[in-house]
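Asker: Structure for the following, please:
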Amino acid sequence: MSPRLLTLSRFTTTTATTITTKGIHSYRAFSSKLTPSNYAFAFDIDGVLIKGKRTIPEARSAIRMLNGDNALGRKVPFVLLTNGGGVTEQAKAEQISNMLDVQISPEQVVLSHSPMQALVDQYKDKNVLVVGGKDRECFEVAKGYGFNNVIIPDDIHHWQSSVWPFRHPSRDSLSPDADSLDFSKIPIGAVMMFHDSRDWGRDIQIMLDVICSENGVVGTQKGDCTVQEIPIYFSNNDIIWSTEFPVPRLGQGSFKMALESVYKTLTGTNLQSTSYGKPYPTTYAFAEQVLGRINNGKKPSRIYAVGDNPAADIQGANNYGWSSILVRTGVFQEPGNSSHFPATSVCQHVEEAVKWVIQQEEGKNES
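Answerer: Residues are numbered from 1 along each chain as shown. Predicted structure coming up:
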């Protein structure tokens, strides 16, 4: 069952604020000057705009073109639609703004877990295990979304070191109330993976402890583990993703496969879960709502998704009815188009993609 889409009023604050970081242009937020457009962009981040801590050279000029630095002087709405996460939309906007030297508003950022805010109504006052990310950053994200009772794996590990005896969590990674938590008395109602695990073995163990427990109480085990009562949600299913390393790295989707394999081996049944992020339609519907908002209330007729991962970026855009552009600066490096998930167009990099779209839409060659 798909959770209902979150209304935009709860996505971010309605008034975007200027990011006062040295080197970033000081004009007002993107949407405040935008004349409604018939078309818009949705950019993946890793492999399209940046690679690890390095900015892809053509990304700056591509975004500046959309901010009005083109022959028509027209601004074109765009969002950053990524399967990355682990931080707030505000923090990601500031990071990308600094790297590109172009202001990005938090409401232009759709992270993998952004649509999971739709789960708040259902789990607001229940205990939820939030997995992934650095230290307690995902704890803070979940609390900011409105989940009142957030637990992270490090809290459970701190409660009983024998949960995973091979290492111990640092104080910096614990939630503020970790010392007072007794998980023999705390039933967990759901598991939500917000970002990539930093310790696959430990996190798989704890997630299995919760899923196979009696009424969500860690340290117990129900009589029939073939019946799954605790729901689990994943923010994305990317098998691989692109960094500065010359070949792609394993992503959250690979972790999910490992968890599913162990669960199937132990119980003989398949793990049931709900996934967000690309290529799932809930994420694209959420991004369309955001684009309509920043386009002064008008939903663009055509949306161009620019990505580097055919299985996520291109498959999702194609299935949702968007135009897709595949670039060769990340996961995809092959000649021609993707054989499994062919894009509408293939470009060398994001600047070429933006120029191609503007030429298609405006009849102008932005050379």
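
Asker: Okay, now the unreliable bits of this structure?
Answerer: The chain contains residues with pLDDT under 70 at 1-34, 364-367.

Asker: ok, now with 80
Answerer: Applying pLDDT under 80 to the chain picks out residues 1-35, 363-367.

Asker: So which residues of it form helices?
Answerer: Remark: helices assigned in the chain by DSSP state H are 58-66, 89-100, 120-123, 137-145, 153-159, 200-211, 252-267, 281-294, 315-320, 350-362.

Asker: Highest mean neighbour count out of these?
Answerer: helix 153-159 (a mean of 24; mean count of other Cβ atoms under 10 Å). Placement of C-beta: from N, CA and C, glycine included.

Asker: In CSV, list the C-alpha atoms belonging to that one.
Answerer: The C-alpha coordinates for helix 153-159 follow below in CSV (Å, rounded to 0.1, in the frame of the first residue of the first chain):
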residue,chain,number,x,y,z
PRO,A,153,21.1,1.2,15.8
ASP,A,154,23.9,2.8,17.8
ASP,A,155,21.5,3.3,20.7
ILE,A,156,20.6,-0.4,20.7
HIS,A,157,24.3,-1.4,20.4
HIS,A,158,25.1,1.0,23.3
TRP,A,159,22.4,-0.6,25.4
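
Asker: roughly how far out does it sit from the chain middle?
Answerer: Chain-centre distance of helix 153-159: 25 Å, with Cα atoms, centre = their mean, to the nearest Å.

Asker: likewise stretch 239-257?
Answerer: Offset of stretch 239-257 from its chain centre (Cα atoms, centre = their mean): 14 Å.

Asker: Name the residues that touch that stretch?
Answerer: Stretch 239-257 is contacted from outside by 46-47, 51-54, 83-84, 112, 132, 193, 195-197, 200, 203-204, 234-238, 273, 275, 308-309, 311, 330-331, using Cβ atoms under 8 Å, 6 or more residues apart in numbering.

Asker: and the helices of the chain as TSV, adding distance to Lys222?
Answerer: Shown next, in TSV, are the helices of the chain (distance: least, Cβ to Cβ, whole Å):
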stretch	distance to Lys222
helix 58-66	50
helix 89-100	38
helix 120-123	21
helix 137-145	26
helix 153-159	18
helix 200-211	10
helix 252-267	11
helix 281-294	30
helix 315-320	36
helix 350-362	50
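
Asker: wait, which of the ones you listed is closest to Gly219?
Answerer: When the helices of the chain are compared by Cβ to Cβ, helix 200-211 sits nearest Gly219, at 7.4 Å.

Asker: so what does the closest one touch, helix or strand wise?
Answerer: strand 127-131, helix 153-159, strand 190-193, helix 252-267 (3 or more Cβ pairs under 8 Å, 6 or more residues apart in numbering; DSSP states H and E).

Asker: Mind putting these into JSON lines with distance to Ser323?
Answerer: Listed next are those as JSON lines, based on distance: least, Cβ to Cβ, whole Å:
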{"stretch": "strand 127-131", "distance to Ser323": "34"}
{"stretch": "helix 153-159", "distance to Ser323": "40"}
{"stretch": "strand 190-193", "distance to Ser323": "30"}
{"stretch": "helix 252-267", "distance to Ser323": "24"}
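
Asker: For Ala91, which of those is the nearest?
Answerer: strand 127-131 (16.4 Å).

Asker: picking up where we left off before, could I have the buried ones of the contacts of stretch 239-257 as PyMOL selection syntax?
Answerer: The PyMOL command for the buried members of the contacts of stretch 239-257 (criterion: 16 or more other Cβ atoms under 10 Å) is given here:
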select buried, resi 46+47+51+83+84+112+132+193+195+196+197+203+204+234+235+236+237+238+273+275+308+309+311+330+331
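
Asker: Restricted to strands, list the contacts of stretch 239-257.
Answerer: Residues of the contacts of stretch 239-257 located in strands (DSSP state E): Lys51, Arg54, Met193, Phe234, Ser275.

Asker: biggest separation within those, which pair?
Answerer: Greatest spatial distance among the ones in strands among the contacts of stretch 239-257 (Cβ to Cβ): Arg54 and Ser275, at 29.2 Å.

Asker: Report the central residue of the chain.
Answerer: Taking Cα atoms, centre = their mean, the centroid of the chain lies closest to Ser112, which sits 1.8 Å from it.

Asker: That one and Ser275 touch, don't they?
Answerer: No. If you go by Cβ atoms under 8 Å, Ser112 and Ser275 don't touch, sitting 9.7 Å apart.
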